[in-house]
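**Q** sequence and computational prediction follow.
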Amino acid sequence: MGALIEVVLPVFALIGLGRFAAWRRLLPERGGDALTGYIFLFALPALLFRSVAGSGGISFAPALPFMAIALGMFGLGVVLSRRLLGDDLANAGVFGLNCAFGNTVMMGVPVIEAAFGRAGVRELLAIIAFHSAVLFPIATATVEAGLNTRLSARRLLRATAISLARNPIIDAIALGFLWTLVGLPLPAPVARLLDLLAASATPVALFCLGLGLPAVPGRTDLAPALLSSLVKNLLMPALMYLATRAVGLPPLGVAVATVTAAMPTGANAFMIAARYATGAERSAAAVLLSTAASLVVLGLLLVAFGQA
């Protein structure tokens, strides 16, 4: 019960406050966009940079088994979508992303930091770095192939490289790693500024997550959303635990990878679905249902990993 009270319930209380603020329209129309911009451009990059530069760099060990399982879940989602739901390839690509792509930044960073501290965040950083870089191009290629759009591998790789280079989350991790290699201490005023920004990352990110959750989905979208949530919230963390134990990761790496695997479907999956006008309502339902399910799953995992 300690984990539920001290870690999980405050996390979801902040998400709930954000959802309440959106429902009651307590913020200006573009207030949520401004807060989200602050999080992605300043607060989360500061937290991630400090996590790398301040204490030993990135741990790459959990990233390989994590991405292997994530790719497996994407493939499983495509197969389930095609065989069980009768979807075309474009919708199957979106469904696969719903099954595999988790909210590793807006929700993963706050939960891991609250439960395992900055040592846990260091285990998470490589997962974050490879998460979007691997899953997004594969999902995009699948959707575009399903829509019969001529797909140029060269253009896709170029666009992906540019997107990653301009991503402040990836940039912060890379800069933190380079700073660690240089070995210079941070000037005290800079360190203090980064600490202030980093301290705001967790609560504001969770509040923004609540702001951005979609409205209640229609009934026709609930069955596919339930299926993708079962894969994302239950099957993926179960397989992740077995995989990380099999490759001999230390207990912290096993815990962080497993808890991260149980994170709900990330909102970026919905953004890709909306961009291609393919399965957007279903993806929105998956984000909402998966986020609700993660309240129980994350609480149980944190108790199981001794965060009570």
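**A** Arrived safely, thanks for sending. Predicted model, so just to flag it, every value in this text is computed and none were measured.
**Q** ends of stretch 242-261, how far apart?
**A** 12 Å (CA to CA, to the nearest Å).
**Q** look up phi and psi at residue 26.
**A** When read as degrees, to the nearest 10, the backbone of residue 26 gives phi -80, psi -20.
**Q** with adjacent residues omitted, what lies nearest to it?
**A** Once flanking residues are discounted, residue 26 sits nearest to residue 20: 7.7 Å by CB to CB, 6 or more residues apart in numbering. Where you see a C-beta, it was placed from the backbone N, CA and C, and this is true even at glycine.
**Q** quick one: name whatever helix or strand follows the one helix or strand in the chain whose mean pLDDT sits lowest.
**A** Lowest by mean pLDDT, DSSP states H and E among the helices and strands of the chain is helix 2-3, with a mean of 54. Counting by DSSP states H and E, the next helix or strand C-terminal to helix 2-3 is helix 9-24.
**Q** other SSEs contacting that next one?
**A** Helices and strands touching helix 9-24, by 3 or more CB pairs under 8 Å, 6 or more residues apart in numbering; DSSP states H and E, are helix 108-146, helix 188-212.
**Q** could you give the separation of the first one from the chain centroid?
**A** In this case it means helix 108-146. 5 Å (CA atoms, centre = their mean, to the nearest Å).
**Q** buried set for that helix?
**A** Within helix 108-146, the residues scored as buried using 16 or more other CB atoms under 10 Å are 108-116, 118, 120-140, 142-144, 146.
**Q** next one: residue 303 from residue 96, what distance?
**A** Here residue 303 is placed at a distance of 30 Å from residue 96 (CB to CB, to the nearest Å).
**Q** er, residue 106 actually
**A** For residue 106, the distance to residue 96 - CB to CB - is 21 Å.
**Q** repeat that for residue 82.
**A** 10 Å.
**Q** so which of those two has more stuff around it?
**A** Per other CB atoms under 10 Å, whichever of residue 82 and residue 96 has more neighbours is residue 96, with 29 against 16.
**Q** who's in contact with residue 261?
**A** Residue 261 is in contact with 66, 69, 70, 102, 236, 237, 239, 240, counting by CB atoms under 8 Å, 6 or more residues apart in numbering.
**Q** can you rerun that using 6 Å?
**A** By CB atoms under 6 Å, 6 or more residues apart in numbering, residue 261 lies in contact with 236, 237, 240.
**Q** check residue 63 too.
**A** 126, 127, 130.
**Q** just give me the least confident of those residues.
**A** pLDDT across the contacts of residue 63 is lowest for residue 130, at 82.
**Q** surely that one touches residue 67?
**A** Yes - between residue 130 and residue 67 there is a contact under CB atoms under 6 Å: 5.4 Å.
**Q** now do the buried residues in stretch 33-40.
**A** Buried, per 16+ other CB under 10 Å, within stretch 33-40: 35, 36, 38, 39, 40.
**Q** any chance you could list what contacts it?
**A** Where contact means CB under 6 Å, 6+ apart, the residues beyond stretch 33-40 that reach it are 168, 204, 205, 208.
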